[in-house]
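Colleague: sequence and predicted structure, then a few things I'm wondering about:
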Amino acid sequence: MLVRLRILLSLVLLFASLSIANDKKKNMLPISVLRARTVLVVVDPNAGMSTADPLANRTAKEDVEKAIMKWGRLTPVMEPQTADLIITIRKGHGRIVEPTIGSGRGNDPSVVLQPNDGGIRIGGKKGPTPDLTNPPPGGPQDTRPQPGAEIGSSDDMFVVYQGGVEHPLDSSPIWRYVSKDALRSPGVPAVAEFRKLIEQAEKQQKGKP
């Protein structure tokens with residue numbers, strides 16, 4: 001009986017230490033993220049356009065930009081070359097398989113909401129957003145809208161990548177947040193969680209000798 005209690009206690013301590021380690025790891029961010037001041041928000045290029053709600057991803061993109069501007073730390077931009085960070089978003093549909101048309105069309109053309117003294121204005125540019133991933137071999141692909149089905153997470157996705165590099169979405173993400181209603185306006189929990197993570201990382205930086 002005593003041996004069993006010792007084993008049980010050891011397991012409890014092990015899981016507790018793993019939990020603490022995971023929490024510390026969760027709060028660790030590259031210093032480049034803490035120094036970032038500009039961000040490009042795009043719809044995940046692999047995201048399809050839902051037949052039930054074709055504007056879901058575009059609306060979520062605008063909601064994320066509004067939440068970021070309200071935060072005030074990062075400024076949304078329209079060009080990857082001027083973005084310190086790249087954020088991709090994908091709206092979940094509450095089910096694993098979703099009928100879709102095309103893919104990534106929420107990025108074409110690029111539109112961003114920009115604050116000014118009179119409130120908020122719409123900024124934009126002609127043409128699609130430059131490739132954020134390395135184009136597949138074999139030349140240009142057929143980009144005409146085609147019916148299909150999207151298979152993946154049924155929850156909203158918010159993924160942060162390092163900017164200032166070629167084909168940033170081909171790199172490993174810095175941080176990923178997947179949750180039901182993570183992109184829901186007006187709160188946009190994904191932005192709130194990212195803000196909290198940065199604030200925690202800054203506190204850790206200040207606490208270092």
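Modeller: Thanks, I have it.
Colleague: CA only for contacts and neighbour counts going forward, please
Modeller: Will do.
Colleague: are we agreed that Leu169 is in a helix?
Modeller: Yes. Counting by DSSP: H, G, I helix; E, B strand; the rest coil, Leu169 is part of a helix.
Colleague: that one against Thr133, yeah?
Modeller: Yes. Using C-alpha atoms under 8 Å, Leu169 is in contact with Thr133, at 5.4 Å.
Colleague: look at the two and report which has more neighbours.
Modeller: Neighbours per residue, other C-alpha atoms under 10 Å: of Leu169 and Thr133, the larger number sits with Leu169, 22 against 13.
Colleague: and the more buried one, what does it touch?
Modeller: 132-133, 161 (C-alpha atoms under 8 Å, 6 or more residues apart in numbering).
Colleague: how much space separates it from Gly187?
Modeller: 26 Å (C-alpha to C-alpha, to the nearest Å).
Colleague: can you check Lys66 too?
Modeller: 10 Å.
Colleague: for the helix or strand where Ser32 lies, packing partners?
Modeller: In the assignment (DSSP states H and E), Ser32 maps to helix 31-35. Helices and strands touching helix 31-35, by 3 or more C-alpha pairs under 8 Å, 6 or more residues apart in numbering; DSSP states H and E, are helix 189-207.
Colleague: and the average pLDDT for the helix it packs on is what?
Modeller: Mean pLDDT, helix 189-207: 93.
Colleague: buried set for that helix?
Modeller: Buried residues in helix 189-207, counted by 16 or more other C-alpha atoms under 10 Å: 189-191, 194, 197-198, 200-202.
Colleague: same thing with stretch 71-87?
Modeller: 74-78, 80, 83-87.
Colleague: put the alpha carbons of it into CSV.
Modeller: Taking C-alpha atoms only, stretch 71-87 is exported to CSV below (Å, rounded to 0.1, in the frame of the first residue of the first chain):
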residue,chain,number,x,y,z
TRP,A,71,-5.2,47.1,-29.1
GLY,A,72,-2.9,49.7,-30.5
ARG,A,73,0.4,47.8,-30.3
LEU,A,74,0.5,46.6,-33.9
THR,A,75,-0.4,48.5,-37.1
PRO,A,76,-2.1,46.5,-39.9
VAL,A,77,-0.4,46.9,-43.3
MET,A,78,-1.2,45.8,-46.8
GLU,A,79,2.2,44.5,-48.1
PRO,A,80,4.1,41.5,-46.8
GLN,A,81,7.4,43.4,-47.3
THR,A,82,6.4,45.9,-44.6
ALA,A,83,5.0,43.4,-42.1
ASP,A,84,6.9,42.4,-39.1
LEU,A,85,4.4,39.6,-38.5
ILE,A,86,2.0,37.7,-40.7
ILE,A,87,-1.3,36.4,-39.2
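Colleague: which helix or strand in this protein has the lowest average pLDDT?
Modeller: helix 2-26 (a mean of 46; mean pLDDT, DSSP states H and E).
Colleague: I'd like the next helix or strand past the helix or strand where Val39 lies.
Modeller: Using DSSP H and E, Val39 sits in strand 38-43. Reading on from strand 38-43 to the C-terminus, the next helix or strand found by DSSP H and E is strand 49-50.
Colleague: strand partners of that next one, parallel vs antiparallel please.
Modeller: strand 97-101 (antiparallel) (DSSP bridges).
Colleague: which residues does Gln81 contact?
Modeller: 163-164.
Colleague: measure it to Thr88 for me?
Modeller: Separation of Gln81 from Thr88 (C-alpha to C-alpha): 16 Å.
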